[in-house]
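*Asks:* A predicted structure for the sequence below; I have some questions about it.
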Amino acid sequence: MPRAIEFKHWVNNDLLPTLCETGEYSMVTDAPLAQAAQINAVHQVTSVNGEPSTWYQEKIKLMERVDAANERAIQAYEKMLQLKPKLAVWPERDLVRHILLVMKKPDVGEYSFVRCQRRGIARGRQQAVDKGFTEQLAEFKDIPNGVNVMNRLKELIPRSSYNPKFNTMICDNPQFIDLVHQIINEL
């Protein structure tokens, strides 16, 4: 009896509403596999030669095609995972590498930490010079993620002693360069 209750539930909740909405119900595309198998069993019993219905055979063929497509997709995904370490060689790319500059205003004791990508180093240096930071104390090349260094500096230095603006950080702490060295070594 549980199968009969399940079948009645399918008729009332799936078959009849679909028939009312669209006017047709395709056993190939709309029916769940369990109900399609039940209807096919009834068809085999009542047919003269006892063959399965054509729509059930179509449904089985479609399911086999979907399974084959899923297998190909899984194989492609696994191959992509195997190739991924070979393809993603981020440290070699120039676009993601950053250069960090530590500039100083002469006779004032203010330090500027400038983070820029390698391709924009001239512009970053010029902006620091325009703000009065003419003396370059240090230059750190090929940092994989300069944003992490800047965020780490913000955590270590008290908020009252620095002023962050865009890719620059102005600070009056003379141990600024030592902190940058420590953070870069941690990366």
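*Replies:* That came through, no problem. These numbers come from a predicted model, not from an experiment.
*Asks:* For the residue of the chain most remote from its centre, which three-state class applies?
*Replies:* Most distant residue from the mean C-alpha position of the chain: residue 48, 57.0 Å away (C-alpha atoms, centre = their mean). Look at residue 48: counting by DSSP: H, G, I helix; E, B strand; the rest coil, its state is coil.
*Asks:* and if you look at residue 136?
*Replies:* Applying three-state DSSP: residue 136 is strand.
*Asks:* For residue 110, see how far away it is.
*Replies:* In this view, residue 136 and residue 110 are 14 Å apart by C-beta to C-beta, to the nearest Å. The C-beta positions use only the backbone N, C-alpha and C, and glycine is treated the same way.
*Asks:* which one of the two has more residues nearby?
*Replies:* Of the pair residue 136 and residue 110, residue 110 is the one with more neighbours under other C-beta atoms under 10 Å, namely 19 against 15.
*Asks:* From what I see, that one and residue 104 are in contact.
*Replies:* Yes: in this structure, residue 110 is within contact of residue 104 by C-beta atoms under 8 Å, at 7.1 Å.
*Asks:* Please identify every residue contacting each of those two.
*Replies:* residue 133 (C-beta atoms under 8 Å, 6 or more residues apart in numbering).
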